[in-house]
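Visitor: how would this look folded up:
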Amino acid sequence: MNLTKCSNGHFYDSDTYATCPHCNSSASGENSTVAYSSSPNIAATVDLDTYNSDPAVNGMDSAVTGGSVLPSDDSRTISIYQNSKVETPQMSPIVGWLVCTQGKFYGQDFRLKSGRNFIGRGTDMDVCLAGENTVSRDRHATIIHEPRKNIFLAQPGESRELFYVNGNVVLSPIQLKKNDVLQVGDVQLMLIPCCDEAFTWKTED
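Guide: Below is the predicted model of the structure:
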């Protein structure tokens, strides 16, 4: 790949294009052609119209990556239920729910998975309380399902803000039981376990 910058400031692969494809497309009055990187580790950013109208871009096939295959996510960390009959690489079994009993998300439920479940208003949080400004964006609180003992724990997140369980501030990890209520900002969340003394997901030996 020979990355070249044209006089208009566009970058393109001169091994593939004799002249800048962006300038040529603009001059002809057509939509600009997207020059995709041939590197297997870099996926090109495209505009929404191109994404929606171009099947090759939408599917991110070899036409987009210059004949290269994008790296898969097969090396991701998976839960203790990896060898379980209920576990696939795309799915981890639900161990319980947090149900909102007061606040903006009244009546809604949030699924919990084994391991750590982070609560915050950021879209990358496991329990996403989007748009609730009384909740920290990242890791206001953490709910843990510990699969070996099959118990739930609550512990402080990485935020300065406090949260409460049954009206008591949580400053260190505490064990939770069914129907315990978390107060995170102005939102109350009740724990409804799926895994408890009566049920747990079985893993193969």
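Visitor: secondary structure element for the closest residue to L182 other than its chain neighbours?
Guide: Counting by C-beta to C-beta, 6 or more residues apart in numbering, L182 lies nearest to L189, which is 4.5 Å off, once chain neighbours are set aside. All C-beta atoms are positioned from the backbone trio N, CA, C, and that covers glycine. Per DSSP states H and E, L189 falls inside strand 187-193.
Visitor: buried ones in that strand?
Guide: Buried positions in strand 187-193, judged by neighbour count with 16 or more other C-beta atoms under 10 Å: 187-191, 193.
Visitor: per-residue pLDDT, the residue nearest to Q183 when sequence neighbours are not counted?
Guide: Nearest residue to Q183, sequence neighbours excluded (C-beta to C-beta, 6+ apart): Y164, at 4.1 Å. pLDDT, Y164: 98.
Visitor: Please name the residues that touch Y164.
Guide: 170, 182-183 (C-beta atoms under 8 Å, 6 or more residues apart in numbering).
Visitor: Kindly write the PyMOL command that selects the buried subset of the residues you listed.
Guide: Entered in PyMOL, the line below selects the buried ones among the contacts of Y164, by 16+ other C-beta under 10 Å:
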select buried, resi 170+182+183
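Visitor: picking up where we left off before, what pairs with the strand holding L189, and is each one parallel or antiparallel?
Guide: With DSSP bridges as the test, strand 187-193 is paired with strand 94-102 (antiparallel), strand 181-184 (antiparallel).
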